[in-house]
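Engineer: sequence plus the predicted model coming up.
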Amino acid sequence: MNSNDPSRPSPMRDVAQSPEATARYLADVQRVLLEIGDSLELLARETRVHLRATHVDGDRWYHARLRAQPVERSLRALLKNVDALTQGLESTAYKRREFADKVEKLPGERHQKALEKSRKKNPQQPGALNSFPQGGQQAPQHGYSGPASIYDLGRNRESA
């Protein structure tokens with residue numbers, strides 16, 4: 001059985017293909033888990049009160065609390081896992097959006113890389129284009145104070 005079989009539509013396939021749909025779905029799951037977490041917190045409080053209030057003949061004052069600790073610890077661990085799961089759902093939605101943005105930018109980045117690669121393979125010589133100005137005009141100053149060659153001197157020569 002192939003999971004990519006087009007004759008059997010899958011609702012999760014549509015959700016997985018769209019970052020917005022993925023974020024909506026994960027937000028719905030997170031909302032349900034937060035409600036479950038609230039219920040579990042209430043259960044943990046009520047369980048704590050009941051277990052610590054349960055005394056047996058011959059108990060000292062701390063025996064009920066010691067018997068309740070494993071149950072309380074287990075419920076705390078469960079709540080911690082639910083919280084971690086809700087945080088994981090949130091970060092997964094952000095990472096899915098980030099992935100979609102990277103995929104959208106990838107063709108442009110590849111095009112830029114190809115341009116840079118072609119520039120490296122066929123470098124143009126920067127001085128060859130304007131090394132000899134037309135009509136005896138002086139070349140624009142690019143950081144040097146004097147003319148570039150004796151042809152740039154023209155009639156206004158300075159003697160040394």
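Structural biologist: The structure has been received and is ready for your questions. Just so we're clear, the structure is a prediction, and the values are computed from it rather than from any experiment.

Engineer: other SSEs contacting the longest helix along the chain?
Structural biologist: Longest helix in the chain, counting residues (DSSP state H): helix 63-121. Using 3 or more CB pairs under 8 Å, 6 or more residues apart in numbering; DSSP states H and E, the elements in contact with helix 63-121 are helix 19-53. In this view, the C-beta of every residue, glycine as well, is placed from N, C-alpha and C.

Engineer: buried residues of the helix it packs on, list them for me.
Structural biologist: 19, 22-23, 25-26, 30, 33, 37, 40, 44, 47-48, 51-52 (16 or more other CB atoms under 10 Å).

Engineer: which of those lies closest to residue 97?
Structural biologist: residue 19 (4.9 Å; CB to CB).

Engineer: hmm, the closest one is touching residue 92, no?
Structural biologist: No: in this structure, residue 19 is not within contact of residue 92 by CB atoms under 8 Å, at 10.9 Å.

Engineer: show me how far the longest helix of the chain is from its chain's centre.
Structural biologist: 8 Å (CA atoms, centre = their mean, to the nearest Å).

Engineer: and the helix or strand bottoming out on mean pLDDT in the chain, what does it pack against?
Structural biologist: Lowest on mean pLDDT, DSSP states H and E among the helices and strands of the chain sits helix 11-17, with a mean of 89. Helices and strands touching helix 11-17, by 3+ CB pairs under 8 Å, 6+ apart, are helix 19-53.
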